[in-house]
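Trainee: just need the structure, nothing else, for what follows:
(one chain, ligands or ions: 2)
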Amino acid sequence: MIKLENVSYTYMSGGPFEKKALDGVSLRIDPGEFVGIIGHTGSGKSTMIQLLNGLLKPDGGRVIIDGEDLSDKKTDLRGIRFKVGLCMQYPEYQLFEETVLKDICFGPLNMGLSKSEAEERARFAANMTGLPESLLDKSPFDLSGGQKRRAAIAGILAMEPKVLILDEPTAGLDPAGRDEILFKIRDMHKRMDLTVLLVSHSMEDVAKLADRIFVLNSGKIEMSGSPSEVFAKSARLREIGLNVPQITRVADRLREAGVDIPAGIYTVGDAYRILLPLINKRLENN
Ligand SMILES: Nc1ncnc2c1ncn2[C@@H]1O[C@H](COP(=O)(O)OP(=O)(O)O)[C@@H](O)[C@H]1O
Ligand SMILES: [Mg+2]
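Mentor: Ligands and ions are numbered 1, 2, ... in the order given. This is a model prediction of the structure:
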């Protein structure tokens with residue numbers, strides 16, 4: 001679905017403030033995958049995802065979406081933007097219509113759908129994100145932070161993209177709001193046949209959802225793999241400024257103290273399953 005081949009990107013190239021944001025990134029994401037992209041602030045996450053729908057053009061390497069090379073003149077970039085739905089960081093600043101419904105319809109109308117088709121899709125998308133029907137006639141400015149976030153995500157879902165990219169969708173929300181949105185994203189992935197890329201600096205969030213994780217550091221892919229493969233390298237993750245999930249830290253400390261617990265534990269359930277027999281054995285021995 002998505003292929004990056006040795007992609008680089010530099011901001012303000014040639015000037016005194018030149019900044020290489022991506023440096024030789026290669027990756028491949030298959031249709032239907034749920035991928036997490038993590039990295040410290042400034043590691044290149046937002047730059048990378050803007051290359052995936054042609055908002056930015058690489059200064060080296062190739063970006064291939066669904067078999068189409070984005071630097072090829074023949075590629076229809078408009079079509080690519082409908083295919084790869086990108087929900088930018090703090091998307092609520094882009095809500096501007098009189099009503100929430102109109103806002104969600106903006107994308108589908110732009111694609112050339114009729115008003116009734118656009119509204120039908122908007123209602124479906126709002127429902128997918130958990131936005132109550134009763135809010136659709138309100139002004140977007142009357143919504144809470146979490147509701148605005150949902151409205152923005154619904155506006156992208158309503159375009160029925162094949163790929164949904166979310167840049168820090170839970171940033172600035174309270175814990176309950178974060179969990180609700182994450183839960184809904186998992187739901188969308190399951191029910192809508194989507195490829196999802198979730199960008200986050202929260203390891204906990206990514207660990208809960210992603211099948212595969214890419215870790216960015218200084219514009220390069222530092223490591224990738226399943227959550228358990230990535231969290232097994234917790235020492236390196238901490239070195240590059242990332243917080244591993246709390247339960248991973250607990251498991252690491254236990255291992256350091258001599259308890260026989262494998263690396264790469266990242267859910268409380270896994271820790272429980274591994275620790276319980278160890279505890280029972282101790283109790284029997286005593
Ligand atoms: N518009 C821009 N102009 C100049 N430098 C930028 C711009 N956007 C990002 N950068 C720089 O590029 C690097 C990567 O940024 P970004 O992709 O936003 O990282 P992340 O999303 O992981 O925080 C950072 O050093 C950042 O300061
Ligand atoms: Mg960013």
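Trainee: is the most centrally placed residue in the chain in a helix, a strand, or coil?
Mentor: With distances taken as Cα atoms, centre = their mean, Leu198 lies nearest the centre of the chain, 0.9 Å away. Classification of Leu198 using DSSP: H, G, I helix; E, B strand; the rest coil returns strand.
Trainee: hmm, it is touching Lys208, no?
Mentor: No - when contacts are counted by Cβ atoms under 8 Å, Leu198 is not listed as touching Lys208 (9.9 Å). Every residue, glycine included, has its C-beta placed from N, CA and C.
Trainee: who are the packing partners of the least confident helix or strand in the chain by mean pLDDT?
Mentor: The least trusted helix or strand in the chain, going by mean pLDDT, DSSP states H and E, turns out to be helix 203-209, with a mean of 86. Applying 3 or more Cβ pairs under 8 Å, 6 or more residues apart in numbering; DSSP states H and E, one finds that helix 203-209 makes contact with strand 34-39, helix 175-192, strand 195-200, helix 227-231.
Trainee: quick check: bridge partners of the residue nearest to the centre of the chain?
Mentor: Leu198 has the following beta-bridge partners by DSSP bridges: Gly36, Leu166.
Trainee: just give me the neighbour total for the residue of the chain found nearest ligand 2.
Mentor: Of all residues in the chain, Ser46 sits closest to ligand 2, at 3.2 Å by Cβ to the ion. Residues near Ser46, counting by other Cβ atoms under 10 Å, number 20.
Trainee: in PDB, please show the C-alpha coordinates belonging to whichever helix or strand it is part of.
Mentor: Assigned by DSSP states H and E, Ser46 belongs to helix 45-52. Included here for helix 45-52 are C-alpha records, laid out as PDB according to Å, rounded to 0.1, in the frame of the first residue of the first chain:
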ATOM      1  CA  LYS A  45       7.200  12.000  12.100                       C
ATOM      2  CA  SER A  46       5.100  14.800  10.700                       C
ATOM      3  CA  THR A  47       7.400  15.400   7.800                       C
ATOM      4  CA  MET A  48       7.200  11.700   6.900                       C
ATOM      5  CA  ILE A  49       3.400  11.500   6.800                       C
ATOM      6  CA  GLN A  50       3.100  14.700   4.800                       C
ATOM      7  CA  LEU A  51       5.300  13.100   2.100                       C
ATOM      8  CA  LEU A  52       2.800  10.200   2.000                       C
END
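Trainee: right, and the residue of the chain closest to ligand 2 touches Asp167 too?
Mentor: Yes - here Ser46 reaches Asp167: they are 5.7 Å apart, a contact under Cβ under 8 Å.
Trainee: tell me the residues on this protein that lie near ligand 2, please.
Mentor: Residues of the chain lying close to ligand 2 (Cβ under 5 Å from the ion) are Lys45, Ser46.
Trainee: what ranges does the chain have for its helices?
Mentor: In the chain, the segments counted as helices under DSSP state H are 45-52, 77-83, 100-110, 115-129, 145-157, 175-192, 203-209, 227-231, 234-239, 246-256, 268-285.
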